[in-house]
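Enquirer: Attaching a predicted model along with its sequence, questions to come.
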Amino acid sequence: GSSVQDPGTDGDGDYTIRSPFTAAPEATLGSGVPRGTLQNFMLSSSVSAIYPTDVESGDVFERRVEVYLPSGYVSGAEAPFMVVQDGSGYVGRLRPVLDNMIADARLPKLVVVFINPGPGDGPGSERGLEYDRVSDHYVNFIETEILPKVAQDYGVRFTSDPEGRASFGCSSGGAAAFTMGWFRPDRYRRILTYSGTFTNQHSDAQNPRGAWGYHDTLIPNSDAKPLRVFLEVGSNDNGSTAPATGFRNWVLANQGMATALAAQSYHYRLIFAEGAAHCDSGVISQTLPEALAWLWRGYPR
């Protein structure tokens, strides 16, 4: 069980912001703020039981993993944490925000695992297989192959409390973050997504519309899960003018997620960003600190 209190509905619901977007002050490291440390390693797919080779080429590949340890972290101490998809793309952006907000006790002392996907992008790629498939394969990969290695190599004791476990991603990485919580709410309950690919990018017999199925059928037809979900989408996001019938409109997909989550009384927050593109860097720079603060509401510092 968890000692976490339900923080109420403050900040839940739908919000609109408009360009131009301005980086939040937390995006710049504050004077005298202690820095967390960053480690990294390369991991060969040859050691993986779940993703042993690139699905497209059949070749063994390497993925980069970076690990952020908050300032003052003591080896072996139980830590809340966040997994970041497409990790290398977010280290520079997240690190000052984490340093600043942890120093101000606006976030718990998080360990953050930044992990890159396998090669390629889109339907049929290794990244697509890992991120867009609606299944427990990816969360099992994180749980059984990534976290144990980080724990062993860096002396991290990851909390087993699902309230202290978060997942973050943009685009297909956002879909992967949600999928981790959907299949394993006993493991992950805090989900942060930008321009989430809740569209049909990986269909199979169980999920013929891929992640479009989340808002279409899965969330409406399932009992509510104890997830807290942040969503963002730009007015000029991928497929913004495409018809719903193609299941490839990111705006409709994210609005559909919000509607489905609201109908089941989830804690969710949707930011609709007027004038913003897919995974818009200006939007992320402006909203990330507030999104993280909302995401971690109710969790002890």
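Expert: Happy to help now that I have it.
Enquirer: Look at R269 and say how many residues are nearby.
Expert: By the criterion of other C-beta atoms under 10 Å, R269 has 22 neighbours. All C-beta atoms are positioned from the backbone trio N, CA, C, and that covers glycine.
Enquirer: which residues touch it?
Expert: Residues counted as contacts of R269 (C-beta atoms under 8 Å, 6 or more residues apart in numbering) are G11, D12, G13, Y15, V229, F230, L231, A291, W294.
Enquirer: what about it, distance to G8?
Expert: As judged by C-beta to C-beta, to the nearest Å, R269 and G8 stand 13 Å apart.
Enquirer: Give me the residue ranges of this protein where confidence is low.
Expert: Residues of the chain that meet the criterion pLDDT under 70 lie in 1-2.
Enquirer: which residue ranges form the strands in it?
Expert: 13-18, 37-44, 62-69, 78-79, 81-85, 111-115, 157-158, 165-170, 190-194, 228-234, 267-274 (DSSP state E).
Enquirer: Turn those strands into a markdown table, including distance to Q206.
Expert: Rendered in a markdown table, the data for these read as follows (distance: least, C-beta to C-beta, whole Å):
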| stretch | distance to Q206 |
| --- | --- |
| strand 13-18 | 30 |
| strand 37-44 | 29 |
| strand 62-69 | 26 |
| strand 78-79 | 35 |
| strand 81-85 | 22 |
| strand 111-115 | 25 |
| strand 157-158 | 30 |
| strand 165-170 | 21 |
| strand 190-194 | 21 |
| strand 228-234 | 22 |
| strand 267-274 | 24 |
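Enquirer: separation between the residue most central in space within the chain and T53?
Expert: Closest residue to the average C-alpha location of the chain: F168 at 1.6 Å, with C-alpha atoms, centre = their mean. In this view, F168 and T53 are 27 Å apart by C-beta to C-beta.
Enquirer: now D153
Expert: D153 is 24 Å from T53, by C-beta to C-beta.
Enquirer: Dig out what the residue nearest to the centre of the chain forms beta bridges with.
Expert: Taking DSSP bridges, one obtains V84, L192 as the residues bridged to F168.
Enquirer: I'd guessed it sits against A177; true?
Expert: Yes - because the distance of 5.7 Å satisfies C-beta atoms under 8 Å, F168 is recorded as touching A177.
Enquirer: now the helices for the stretch 151-300 of the chain?
Expert: Under the criterion DSSP state H, counting those that start in this stretch, helices of the stretch 151-300 of the chain are mapped to 172-183, 212-213, 250-263, 281-295.
Enquirer: Would you mind finding the most buried of the ones you listed?
Expert: Ranked by mean neighbour count, these are led by helix 172-183 with a mean of 27 (mean count of other C-beta atoms under 10 Å).
Enquirer: Who are the packing partners of that helix?
Expert: Counting contacts by 3 or more C-beta pairs under 8 Å, 6 or more residues apart in numbering; DSSP states H and E, helix 172-183 packs against strand 81-85, helix 126-132, helix 137-141, strand 165-170, strand 190-194.
Enquirer: outside of that helix, which residues touch it?
Expert: 83-86, 117, 121, 127-128, 130-136, 138-139, 142, 167-169, 187-198, 201, 211, 214, 218, 225, 227, 229.
Enquirer: Please repeat the previous calculation with a cut-off of 6 Å.
Expert: By C-beta atoms under 6 Å, 6 or more residues apart in numbering, the list of residues contacting helix 172-183 from outside reads 85-86, 131-132, 136, 138-139, 167-169, 188, 191, 193, 196-197, 211, 227.
Enquirer: Give me the more crowded residue out of D153 and T53.
Expert: T53 (15 against 12).
Enquirer: In contact with the more buried one, which residues?
Expert: Contacts for T53 were tallied using C-beta under 6 Å, 6+ apart; they are S45, V60.
Enquirer: State the distance from it to V60.
Expert: For T53 relative to V60 (C-beta to C-beta), the value is 6 Å.
Enquirer: quick one, which of the helices of the stretch 151-300 of the chain is nearest to L69?
Expert: helix 281-295 (17.3 Å; C-beta to C-beta).
Enquirer: next one: that closest one to chain centre, how far?
Expert: The chain centroid and the centroid of helix 281-295 are separated by 13 Å under C-alpha atoms, centre = their mean, to the nearest Å.
Enquirer: which other residues reach that helix?
Expert: Defining contact as C-beta under 6 Å, 6+ apart, one finds that helix 281-295 is touched by 11, 21-24, 26-27, 97, 106, 190, 192, 194, 230, 269, 271, 273, 276.
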